[in-house]
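> got a predicted model here, sequence first, then my questions.
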Amino acid sequence: MDFLGIADEEFIRQDVPMTKQEIRILSLVKARIAPDAVVYDIGAGTGSISIEAARLAPQGEVYAIERSNEGINLIRANAANFAALNIKIIQAEAPEGLADLPPADAVLIGGSGSRLSEILETVTPKLKEKGRLVLNCITVQTLMQCIEFMRKHSDTYVYEAIQVQVTRLQQVGTYDMAKANNPIYIVTCWKK
């Protein structure tokens, strides 16, 4: 198994949003990806989570679902750059593109295109028993939508939510100044 936490600078990024290293590490640890896992990365963006998941599951399969052409091209380029041969790239706006996928051990959602409820409804029957669903929410509205869904489906899911803020020191002349990244809510849900 390769190490977890590829440096952000190693990914080809352009203008497509990317889950930053510290958030990627936490999200992947929460997902508990086994070496033979089937993983969905919904709203895959640059493919940073897909690539790290593929490294954690070398005998498994990772399905990177992304709607934008630019994102698809970046996922391809990054997968090739890291020799992540077990990534299957699907260009679709979720929940489209999920129907024919095999049952999942872990699902990571980084982008939902304002269709979170539909995505969760589609993913729930596909997630294996004791499977994990990890959402990275950058807005309070997305967080609340997720929590409302989990409460409505409390017979199926147990969940926890954390808020993470990463601040890095940046050298400015002879000083080191704190430069904060946006806070992220990580919601981890596991199927009963």
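Alright, I've got the coordinates. Numbers count the residues shown, from 1 in each chain.
> for this protein, which segments count as helices?
21-31, 48-56, 69-81, 116-123, 140-152 (DSSP state H).
> what helices or strands is the first one leaning on?
Under the contact criterion of 3 or more CB pairs under 8 Å, 6 or more residues apart in numbering; DSSP states H and E, helix 21-31 touches helix 48-56, strand 104-109, strand 127-137, strand 157-164, strand 184-191. Heads up, the C-betas are built off the backbone N, CA and C, glycines and all.
> report the angle between that helix and strand 157-164.
Here helix 21-31 runs at an angle of 160 degrees relative to strand 157-164 (axes from the mean of the first three to the mean of the last three CA atoms, to 10 degrees).
> next, the buried residues of helix 21-31.
Judged by neighbour count using 16 or more other CB atoms under 10 Å, the buried positions of helix 21-31 are Gln21, Glu22, Ile23, Arg24, Leu26, Ser27, Leu28, Lys30, Ala31.
> distance from the chain centre to it, please.
8 Å (CA atoms, centre = their mean, to the nearest Å).
> count of residues packed around Tyr159?
Residues lying near Tyr159 (other CB atoms under 10 Å) number 17.
> can I assume it is in contact with Glu148?
No: Tyr159 is beyond contact range of Glu148, at 11.0 Å (criterion: CB atoms under 8 Å).
> pairing partners for Val158 in the sheet, please.
Beta-bridge pairing of Val158 under DSSP bridges involves Trp190.
> list the contacts for it?
Cys189, Trp190, Lys192 (CB atoms under 8 Å, 6 or more residues apart in numbering).
> and it, how far from Lys130?
10 Å (CB to CB, to the nearest Å).
> got a pLDDT number for the one residue sitting closest to the centre of the chain?
Central residue check for the chain by CA atoms, centre = their mean: the C-alpha nearest the mean position is that of Leu108, 3.8 Å away. As predicted, Leu108 sits at a pLDDT of 98.
> same question, Gly43
For Gly43, pLDDT reads 95.
> pull the number of nearby residues for the closest residue to it other than its chain neighbours.
Distance criterion CB to CB, 6 or more residues apart in numbering; nearest residue to Gly43, sequence neighbours excluded, is Gly111 at 2.4 Å. Gly111 is flanked by 25 other residues according to other CB under 10 Å.
> can you pull the contacts of Gly111?
Contacts of Gly111 (CB under 8 Å, 6+ apart): Pro17, Ile42, Gly43, Ala44, Gly45.
> perfect, that will be all.
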